[in-house]
Structure formats: structure tokens, C-alpha cells
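In: Pasting a predicted model and its sequence here:
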Amino acid sequence: MCACAAMRRALHSPVIVAVILGVKFGTDKELSKSYSIAVVLVICLFVLAFGWSWGPLGWTVPSEIFPLETRWAGQSITVAVNLFFTFVIAQAFLSLLCAFKFGIFLFFAGWIIVMTVFVLPETKGVPIEETVLLCRKHWFWKKVMPDLPPLDDGWAADAVK
């Protein structure tokens with residue numbers, strides 16, 4: 001499964017679960033065994049697709065975008081924020097499920113769409129020192145990135161051209 005297909009499955013899976021729960025659970029107030037199995041299988045497919053596509057990005061992207069001088073601090077903050085929000089989502093999920101019902105899965109699908117819009121370009125084969133240049137070319141992130149200082153010579157001067 002390629003990463004693009006995994007990203008699509010990661011988006012489609014919560015929508016499929018929301019449709020099954022909204023249509024079948026909304027009318028009967030009970031899911032049949034076959035629909036229950038389908039929901040569990042689609043959630044397992046989501047976990048597989050998310051782990052293949054979006055899941056690792058929370059760890060790999062920050063390690064590539066921080067400069068070497070501050071990478072240790074940036075990665076430490078990234079890990080702390082990641083664990084904090086994982087805890088918050090885990091604690092709030094049941095309450096949100098009761099409040100939003102099947103809409104909670106549409107809520108999470110919406111966040112996948114937001115992540116897709118703001119994702120950084122591919123960095124495979126790009127040296128760590130040049131990833132900041134990719135950020136400066138991205139349609140959104142170039143507004144956030146500070147200007148480059150004047151370059152003397154070397155790899156950075158060639159990369160900007």
C-alpha cells in the first residue's frame with residue numbers, strides 16, 4: 001500500500017464508520033452482528049492506514065524541520081505536545097462520542113482534511129539542511145518562515161537558485 005492510498009483510506013474509514021453508525025444505529029438503536037463486525041474491520045483498516053501514512057509524520061516531520069542547533073529542544077517539545085494531546089483525545093473521546101454520536105468520526109475525518117491541506121512537501125532525498133528551503137517554497141509555510149540571511153557560497157547558495 002503506497003502512502004497516498006493509505007492517506008485516502010485514513011480519510012475514508014472514519015466517514016464509512018459514520019455512515020454505518022448514522023444509518024443503521026440511528027434507526028434501530030442497535031447494530032446487527034454483521035454491521036458491528038464491519039465497523040470493527042473499518043476501524044482496524046483506519047488504524048492500519050493511519051499508521052502507514054499520517055501517524056509517523058508527527059515524529060518524522062519535526063525531526064526534519066528543526067535546525068541542528070535547536071533540534072533537541074524542538075523534538076522534546078514535539079514529544080511532550082504529542083503525548084499531551086493523545087491523553088486529551090483519549091480522555092475526551094467517550095464524552096465526544098456521546099455528544100456528537102456518529103459525527104465524532106466526521107470530526108476526525110475533517111482534521112485529516114486539514115492536515116492534508118497544510119502538509120509539507122516530500123523531503124525524501126533532501127538533506128536535512130535543505131528542508132527549510134522546501135518550507136520557504138510551500139504555498140502556506142512560506143508565509144510563516146523568516147527570510148533567509150544573505151548567503152556567501154556553498155550548498156545553500158546553490159540550493160536557493
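Out: Ah, there it is.
In: At which residues are the helices of this protein located?
Out: In the chain, the segments counted as helices under DSSP state H are 3-20, 26-28, 33-52, 57-65, 71-100, 103-118, 131-137, 141-144, 155-160.
In: Export the ones you listed as TSV, with columns for distance to G125, mean pLDDT and mean neighbour count.
Out: C-betas here are computed from N, CA, C, even on glycine. As requested, the helices of the chain are exported to TSV (distance: least, CB to CB, whole Å; pLDDT from 0 to 100; neighbours: other CB atoms under 10 Å):
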stretch	distance to G125	mean pLDDT	mean neighbour count
helix 3-20	15	78	18
helix 26-28	49	65	9
helix 33-52	20	89	15
helix 57-65	12	79	15
helix 71-100	20	92	12
helix 103-118	22	86	15
helix 131-137	11	77	16
helix 141-144	19	77	11
helix 155-160	13	52	12
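In: Excluding covalently adjacent residues, which one is nearest to the residue most central in space within the chain?
Out: When CA atoms, centre = their mean is applied to the chain, the residue found nearest the centroid is W54 (4.2 Å). The shortest distance from W54 to any non-neighbouring residue, by CB to CB, 6 or more residues apart in numbering, is to A10 (5.8 Å).
In: Contact partners for the one you found?
Out: By CB atoms under 8 Å, 6 or more residues apart in numbering, the contact set of A10 is 46, 49-50, 53-54, 112.
In: of all these, which comes closest to C98?
Out: C98 lies nearest to F46 out of the contacts of A10, by CB to CB, at 20.5 Å.
In: how far away is that closest one from R9?
Out: Distance, F46 to R9, by CB to CB, to the nearest Å: 7 Å.
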